[in-house]
Structure formats: structure tokens, C-alpha cells
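> This is a predicted model, with the sequence first.
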Amino acid sequence: MKIVVLMKRVPDLVEDLEVDGSGKALATEHLKLTVNEFDDHALEEGLLLKETSGGELTVVALDAADVDKMLFTALAKGADRVLKITGAANVEGNTGLAAVFEEVLSAQEHDLILTGVQAADDRDGQLGPIVAALLDVPCVEVVTQVEVGEPGEGMVTVHKEYSGGVVAELEISLPAVLGIQAARQSPRYAPVSKVRQIQQSATIETLAGAGESSGAAAGGGSGFSVVEMTAPETGAGAQMLAGVDELMAVLEAKGVV
Amino acid sequence: MANDVLVVAEHLKGELGEITFELLGIGKTLAAALGGQCVVALIGGNDGMVTALGAAERVVRVDGEGLSDFDPDSHGDALLAVYEAVDPRVVLVGYTSMGMDLASNLATRAGVPHAASCIALVEAGENIHATAQLYGGKLNVTSDLGGGRCVASVLAGSGAVEAGKAEGAPATESVAAPAGRGRVRFKRLIEPEAGDVDITAKEVLVAIGRGIGSKDDIEVAEELAEELDGAVAGSRPLIDSGWLPKTRQVGKSGLKVSPKLYLALGVSGAPEHIEGMKSSATIVAVNTDKQAPIFNYAHYGLVEDLFDVCEELTEAIQEKKG
């Protein structure tokens, strides 16, 4: 089975996020990017599937800051191939990104395409369903478990989560796209020494993306502009307390202690 | 293109989801501003649901084999058929598990823009403006969706359920179900396992987030919860790490709680979490990140290390109890 994992880098939410002078975009000066945490789960689920059912796992990502490190880490974790798409840095939103991925996937063998269920910057929808719609293959979002059918059946059985812990079991014919919410286990850790070692011996395949010219999707981008980006007033609703004494007084007043 | 707003109804186990009524409330206001009707797309529903959708002016139904249970593929095809028949200005979908399957699929196939994770939609001149909660709730982004058709997926809790709840007999029409492609097959629903503490029944919840750092450290929260006669709950990452059982998860894919006291320790307050706890009577947030979105929803906040607070508070309560 050919498994392809689509990964992207997103602003690190642990850091402070600042809006730039235009008021419409993130200030990039101190912006730190990190791997979309759900993509990390997608990679983990893909690796688990490869370990139990065999196959080849390829990770595809757009060229971005520190993307090499992310791809070498994927190799260190057990990916067979990593593919970096260059020349498409100015694609906008998931709509633009999906168009680039569609083009790459059309030229790569793929049975199962995994990606994160969502990302922190999904202004124009989620990557998985857009890629699936462009490829005209089925897609299921919010997946927490994937089981591969018997060889030759060409299908997977997945768990899709609803609220309240209710789960639907669905059977999906391949090729298909799955938006992974959580892998069956926490994403594995690749020791720095192993990543360094891989860096010496392995190579990242590069592929030129057509960028803006590609894709049937709305104008190659999200198709709509940002009017304003604002930070919600921190503590707008909260009365800030100075310490545990004050907290204790609140709890007493509310009758919980 | 009509000026109608098409609301996509969501149902599970024969019941309409609350999000449907929220969307109806938002859709009615928007349709009035646009001078159009609020129309509901009901795929694989039943007659009782039509009555419950009395707030809508029209209900467009698609019924057919395999549509009563949700599968993203056939419901996606059915929604596209409704969209083409109604030709609405705006389509409202829940930013929910089902909605995430439908919104991007429809927008891509119809070739129209889709604003995700929306909390508000307004008519601005000829255009539609959508405000979305992005970056884990750290930023609100308002987008101009233009003067043409568009799709918006809306976060649960963005509208009032009551605003869209009215019994009635809206006009109904049917759209033929597209031929099934059989690519996705619904097998069964699996209910969550019971047996653990029921966090929805507790008056006090000590909720922990990523800030707790390690599984062993959950102990300090448990100790505090015990003193408060409450239970420990958690945000998604802790459940995914296997640090807490699924029965303790608060949020979009977990449980909705509204205790007397919700004490959030090291919980950042991503929209998915907020959805599950914002109706709590008193919310106290403790976080070292003063920018954490949880402070926008809390009634009281403390920018401090959660372990210090946990320890001191546990001691203070013990002291008070003597």
C-alpha cells in the first residue's frame, strides 16, 4: 500500500502572535513555525499502518522555514521517502496548497492519503477535504483509528468521532483521504542524534511546484481577502486575581469551599 | 443567484443537533439582511425533523437509501444537488465533525470561497464578511467573502439555539438523491464506554491542559479536586496522550459540562475546548501565558504557575477545613 502523508508548518501557538502594520496579516519577524500537530498524528498513524500492513510511506510538504528538519525527522521516525515542493511559496491558503498537492499526487502512486484534521491557520477550510475534492476521491475527517482491509480489498475501516464520545465506523474504498484527529498512540519521538545521522545519509527529493498557475480551485488561492486580524482583548472577561488568597476569597463567596 | 441562505441540518441517531438551530438563528438574521429566505437542507431526515425546523421558510429534503446515517461521500453529493437546486447566496454548515466533511467539499466542487471556523457573519454593503476564530483562538480574522456565493462553517456556540427553535410546518420540497457511488459505507455507531466518573454531574471540575507537562503531575490536580469534592477533567491533548481516559474529555469531541466551578489549570482555551465548558457558572483560569485565550472566557484569571496555585490552594482549603 502506498501511503502519502501531507504535512504543513503553522505558526507555533506557544509563542506570542503579533499582527503586522497592515492589520491583516501575522508579523513575520519573530514568527516561529512548527509542524501542524495534527499532521504529526497523521504521520504517526501512517507509520503504524505501515508497520502492521506493510507498504511505502511518503511525506510531502511545501518548502518553508525549517521544513528540512521536519522531513529528516519524518525519515528518522520511519518514513521511506520525503518530498519537498519548491517554487510554490506564494500559494495562498489551503485552497492554493491543495492545488499544488493535487498536482504532485496525480504524478505519485497513492492509495491512502493522510493529513491532519485541521490546522491553526485554516481560514479557507481544511486541507484534506479540498485535496480529496480536487482528486475526486472520498474523504473522512476527524478520524481516530484506521484499519487496513485484507490485501486486494482496497479499503480501510475507520473510526470517525462525533461529540460526546460517539464514534461512527465507516468503510472506505481506496484511494481516499483521511483527516486524522489523533493517532492510536502519541506521535513517536525521534532522537536528535538519529535525525542528525539521517541528515548525513538520506536525501530530500525536491519537486518544482507550479504554484499559482496550478489548480482548478478558486483562483489558485482562498478566493477572498482578509479585512482585519485582531487579537481578542486578553482578560476582557476575566477579573485578574493577584494570588491564591484572592482566589480563595472568590471560592468562598461562590460557596464551593 | 438568489439571496437565500441555505442551512445544512445535522442529525445523529434520529435527532437534530443543536448546531442546526444555532445556524438557523444566524441564517434567518442574515437572510433578512440580504432580502432572501432561510432554507434548510435536510438530508436523510424524517418528518419530525421538518416540524422542528419551523423557523425555516423552506426545507429541501433529499431522501434515499443509505442517507439516514451520515457518510461524508453520499451526503456530500446530496448537498451539492441541493445547492444546485436552491442556488443560495450563502451556505451555513456547522464547524463540526460532519460539517468538516461537507463544507470544504461543497466549496471546492462548487468553486466558491469557504470561510472556516466562523463565529460571526454580517452583510457589509454588497459583500459578506465572516469573522473566524483562528490560531487556537488567539486571533480573530475577518474576511471579505465578496458579493457572490459562499460557504461558511460556523463554530458551535456562535449563535443562540433558541433563535432557531420553532415548531411549524415550513414549505417542503424534494431533490432526488444522486446515484450512490458506494465509496464510503456506514457500518455502525459505537457509544462511549460508561463506568468512569460522570464529569457532567460534578459541581466542581478541575480541568487540566497541556500545561500539566507530565502524566505523573496529574496527581496534584487530583488532590485539589478531592479537596473540592470534584473531579479532574481534561482537554483533548491529555486524552490523546493517554494521560486521562476519554470519559474525562471536555470539548467539541468530548463532553459538554456546566459545573458550578470550572477551574482550568494550564488549559490554553482552544475553540474546541471552550465549546464544551463555556456555560459553566464560574470559570477560573490559571495559566502562565497571559495571552492564553482561556482568559477571554474565564470570570477570574491568575497568571501564575499552575503547580504553585494547586499546592497553595490545596493547603488553604485543608487549613480552612481544619
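Noted; the coordinates are in hand.

> I'd like the distance between the residue of the stretch 151-257 of chain A found nearest chain B and B:Asp196.
At 3.3 Å from chain B, A:Gly165 is the closest residue in the stretch 151-257 of chain A, using C-beta to the nearest C-beta. From N, CA and C alone the C-beta is placed, and that goes for glycine too. Using C-beta to C-beta, to the nearest Å, A:Gly165 is found at 11 Å from B:Asp196.

> What of B:Ile218?
14 Å.

> Between these two, tell me which one has more neighbours.
With neighbours defined as other C-beta atoms under 10 Å in any protein chain shown, B:Ile218 and B:Asp196 compare such that B:Ile218 has more, 19 against 13.

> A helix includes that one, no?
Yes - assessed with DSSP: H, G, I helix; E, B strand; the rest coil, B:Ile218 lies in a helix.

> give the contact list for it.
Residues counted as contacts of B:Ile218 (C-beta atoms under 8 Å, 6 or more residues apart in numbering or on different chains) are B:208, B:212, B:232, B:243-244.

> can you give me the helices in the chain?
Going with chain A. A:37-53, A:67-77, A:93-106, A:127-135, A:192-201, A:244-253 (DSSP state H).

> could you do chain B instead?
Under the criterion DSSP H, helices of chain B are mapped to B:18-34, B:47-52, B:72-86, B:97-110, B:218-227, B:236-240, B:271-277, B:306-321.

> Looking at those helices, which is nearest to A:Gly78?
helix B:236-240 (19.9 Å; C-beta to C-beta).

> and the closest one, average pLDDT?
Regarding helix B:236-240, the rounded mean pLDDT is 89.

> same thing with stretch B:131-151?
On average, stretch B:131-151 scores 95.

> Please apply the same query to stretch B:46-64.
97.

> what comes up buried for that stretch?
B:49-50, B:52-63 (16 or more other C-beta atoms under 10 Å in any protein chain shown).

> if we can go back for a sec, single out the most deeply packed of the helices of chain A.
helix A:127-135 (a mean of 27; mean count of other C-beta atoms under 10 Å in any protein chain shown).

> Show residues contacting that helix.
By C-beta under 8 Å, 6+ apart, helix A:127-135 touches A:6, A:8, A:94-95, A:97-99, A:101-102, A:105-106, A:113, A:115-117, A:119, A:138-139, A:141, A:175-179, A:215-217, B:100-101, B:103-105, B:107-109.

> hang on, the earlier thing: which member of the buried residues of stretch B:46-64 is positioned nearest chain A?
Closest approach between those and chain A, by C-beta to the nearest C-beta: B:Met49, at 17.3 Å.

> I'd say the closest one and B:His11 touch.
Yes - in this structure, B:Met49 is within contact of B:His11 by C-beta atoms under 8 Å, at 6.4 Å.

> residues touching residue 94, list them.
If you meant another chain, say so; for now it's chain A. A:Asn94 makes contact with A:119, A:122-127, A:130, A:222, B:104 under the criterion C-beta under 8 Å, 6+ apart.

> that answer is for a different chain, and I need it for chain B
Counting by C-beta under 8 Å, 6+ apart, B:Gly94 makes contact with B:8, B:10, B:17, B:19-20, B:22-23, B:153-154, B:156.

> Would you format the residues you listed as CSV with distance to chain A and neighbour count included?
As requested, the contacts of B:Gly94 are exported to CSV (distance: C-beta to the nearest C-beta, whole Å; neighbours: other C-beta atoms under 10 Å in any protein chain shown):
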residue, distance to chain A, neighbour count
B:Val8, 14, 27
B:Glu10, 10, 25
B:Gly17, 8, 19
B:Ile19, 9, 28
B:Thr20, 13, 30
B:Glu22, 13, 25
B:Leu23, 15, 32
B:Ser153, 7, 29
B:Val154, 13, 29
B:Ala156, 8, 23
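
> Closest one to A:Glu44 out of these, please.
Each of the contacts of B:Gly94 was scored against A:Glu44 by C-beta to C-beta, and B:Ser153 proved nearest at 26.3 Å.

> returning to what we had before: next, give me the two most distant ones among the buried residues of stretch B:46-64.
B:Ala55 and B:Asp63 (21.3 Å).

> report the longest strand in the chain, please.
Here I'm looking at chain A. Longest strand of chain A, by residue count under DSSP state E: strand A:139-148.

> please go with chain B instead
Chain B, longest strand under DSSP E: strand B:114-124.

> That one packs against which elements?
Where contact means 3 or more C-beta pairs under 8 Å, 6 or more residues apart in numbering or on different chains; DSSP states H and E, strand B:114-124 is packed against helix B:18-34, helix B:97-110, strand B:127-134, strand B:139-144, strand B:150-154.
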